[in-house]
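coordinates only, no sequence provided:
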C-alpha cells in the first residue's frame with residue numbers, strides 16, 4: 001500500500017475522531033450552559049451584575065470553542081490541499 005494513502009487515511013481517521021469528540025464535548029457544554037441558565041433564572045438572590053458576568057463568561061467560552069473548531073477545520077483543509085497537490089504531482 002502507498003505510504004501517502006496510508007497517511008491520508010490516518011489523517012481522515014483523526015479528523016473523524018476529533019469531530020466526534022468535539023461534538024460530544026460541545027453537547028456536554030451546551031447542557032451545562034442550560035443548567036447554569038436555569039440556576040441563574042431561579043436564583044433571585046443573585047445580583048444582576050453577577051448574572052451578567054456569568055452570561056458573558058458563557059458567551060466567551062462558546063466563542064472560544066467555535067474559534068477553535070474553525071481553526072482545526074482550516075488546518076485539516078490545508079492538509080487535504082497538500083495531499084491533493086501531491087496526488088496531482090504524482091499523476092503527471
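Cool, got the structure. Note that the coordinates shown come from a computational prediction; the quantities given were computed from them, not determined experimentally. Residues are numbered from 1 along each chain as shown.

please identify the helix or strand for the residue nearest the centre of the chain.
Geometric centre of the chain, nearest residue: residue 69, 3.2 Å, by Cα atoms, centre = their mean. Per DSSP states H and E, residue 69 falls inside helix 48-91.

what helices or strands is that helix leaning on?
Packing partners of helix 48-91 (3 or more Cβ pairs under 8 Å, 6 or more residues apart in numbering; DSSP states H and E): helix 3-41. Backbone N, C-alpha and C define where each C-beta goes, glycine included.

now do the helix it packs on, average pLDDT.
For helix 3-41, the mean pLDDT works out to 93.

centre of the chain versus that helix, how much separation?
6 Å (Cα atoms, centre = their mean, to the nearest Å).

any idea of the angle that helix forms with helix 48-91?
Between the axes of helix 3-41 and helix 48-91, defined by axes from the mean of the first three to the mean of the last three Cα atoms, to 10 degrees, the angle is 170 degrees.

list phi and psi for residue 47.
phi -70, psi 160 (degrees, to the nearest 10).

list the contacts for residue 55?
Counting by Cβ atoms under 8 Å, 6 or more residues apart in numbering, residue 55 makes contact with 37, 40.

change it to 6 Å
Residue 55 sits next to no residue when contact means Cβ atoms under 6 Å, 6 or more residues apart in numbering.

what is the neighbour count of residue 73?
As a burial measure, residue 73 scores 14 neighbours (other Cβ atoms under 10 Å).

give me the pLDDT for it.
For residue 73, the model assigns a pLDDT of 96.

so what pLDDT did residue 91 get?
Confidence score, pLDDT, at residue 91: 60.

now swap in residue 51 and tell me
So, for residue 51, pLDDT stands at 91.

make sure it is actually in contact with residue 39.
No. Counting by Cβ atoms under 6 Å, residue 51 does not reach residue 39; the two are 10.2 Å apart.

from residue 32, how far off is the residue nearest to the centre of the chain?
Applying Cβ to Cβ, to the nearest Å, the value for residue 69 to residue 32 is 17 Å.

repeat that for residue 65.
Residue 65 is 12 Å from residue 32, where distance means Cβ to Cβ.
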